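Participant: predicted structure and sequence below. I'll ask about it afterward.
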Amino acid sequence: MTRFLIRRLVQGIATLWVVVSLVWILYYLVPEDPARLLAGKAATPAQVAQIRASLGLNAPMWQQYLGYFGRLLHGNLGESYKLREPVSQLIGQWVQVDISLAVGAAVLWLILGLSVGIIAARHPRSLLDRGATVFVLTGLSMPTFILGLLLLYVFFYILTTHGIGIFPSAGSWVPLTQNPLQWARALILPWITLALITAATYARLSRSSLLDTLGEDYIRTARAKGLSERRVVFRHALRAALTPVVTQFGIDLATILGGAIITETVFGLPGLGLNVVQAVDREDLPVIQGIVLVAAAFIVFANVVVDSLYAVLDPRVRLS
């Protein structure tokens, strides 16, 4: 078990190193001089040269590469060209939105997706199963921005025009510590948007995986021993059927933590997704680099955690 986890951790660190190296290479492949971007178009050649010297851009490439890694190890992601603030500080503010968005949506889509999938698997080819199929197809076919705009139109515009101000407009985000009620009100519709879209995948995965597991020999043995169907499903079959669900959950959660671009744009949430789009528009390279590194770190960490959960859910993984 320990060797398995160490091997996965080493692989995760190697993957993160490759991503960091590619981001560093990207920094030097941009068509415009980073010093010129930082100085602005009105800067004189002497000012640009001074900035190049302060950034160490005149040093050999290998020294710049080692210096870049050294700054990352100390949490220094550089300074935003346009906002004139440390990137690490900005990301610390923006990632709070993504954490709030991811946690609430994940709880909803797990409850909804697993419930629909388990019900469909326990009643195959029934009316409930056909209804679950319609739910899955609808969720997989519905674009996120369409569902988000529909929810805003129905639950904000129509209700507000009739004097029912339950849901706030887009761009009403406030931190949890500032006003918990307003924080929840601003996130209800984004949570529902992500949950409905994502739950369809979990319903499909849990249904197919649980159906396969219910056909195994040890499940028939458990039933032959006289165990109740509820105990067979939830105590024996569900644990083995959760492996693909755990895989998908790790990917989805890490992706949202790295920035749910469409959802944040529709609802005006100032998270990593919305800010990376704005950073691309203003050519703010340090912000783009920082968000890419944070998103990659989330995905690598999620994969290590998922691999660890494999070993817990399926003892056979520990021997592989």
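Facilitator: Arrived safely.

Participant: C-alpha from now on. contacts and neighbour counts both.
Facilitator: OK.

Participant: what's the weakest-modelled helix or strand in the protein?
Facilitator: The helix or strand of the chain with the poorest confidence is helix 34-39; it has a mean of 68 (mean pLDDT, DSSP states H and E).

Participant: where does the prediction get shaky in the stretch 51-200 of the chain?
Facilitator: Across the stretch 51-200 of the chain, the ranges flagged by pLDDT under 70 are 54-58.

Participant: what's the domain layout of the chain?
Facilitator: Residue ranges for the domains of the chain, per automatic domain parsing: 2-73, 87-319.

Participant: starting at the chain centroid, how far to the first one?
Facilitator: Using CA atoms, centre = their mean, to the nearest Å, the distance from the centre of domain 2-73 to the centre of the chain it belongs to is 24 Å.

Participant: cool, the longest one as well?
Facilitator: Between the centre of domain 87-319 and the centre of its host chain there is 9 Å, according to CA atoms, centre = their mean.

Participant: quick revisit: ok, and which of the domains of the chain has the densest surroundings?
Facilitator: Of all the domains of the chain, domain 87-319 has the most neighbours on average by mean count of other CA atoms under 10 Å, namely a mean of 18.

Participant: and the host helix or strand of residue 137, what other elements does it pack with?
Facilitator: Assigned by DSSP states H and E, residue 137 belongs to helix 127-141. If contacts are counted by 3 or more CA pairs under 8 Å, 6 or more residues apart in numbering; DSSP states H and E, helix 127-141 sits against helix 87-122, helix 180-214.

Participant: just want the angle from the last one to helix 127-141.
Facilitator: By that I understand helix 180-214. 120 degrees (axes from the mean of the first three to the mean of the last three CA atoms, to 10 degrees).

Participant: list of residues touching stretch 274-283?
Facilitator: Residues outside stretch 274-283 that contact it (CA atoms under 8 Å, 6 or more residues apart in numbering): 37, 82, 94, 259-262, 264-265, 268, 285, 287-288, 291.

Participant: wait, stretch 102-109
Facilitator: For stretch 102-109, the surrounding residues in contact (CA under 8 Å, 6+ apart) are 190-192, 194-196, 198-199, 202, 253, 256-257.

Participant: distance to residue 235 added to the residues you listed, as a markdown table?
Facilitator: Formatted as a markdown table, the contacts of stretch 102-109 follow (distance: CA to CA, whole Å):
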| residue | distance to residue 235 |
| --- | --- |
| 190 | 34 |
| 191 | 30 |
| 192 | 30 |
| 194 | 29 |
| 195 | 26 |
| 196 | 27 |
| 198 | 26 |
| 199 | 23 |
| 202 | 19 |
| 253 | 26 |
| 256 | 31 |
| 257 | 31 |
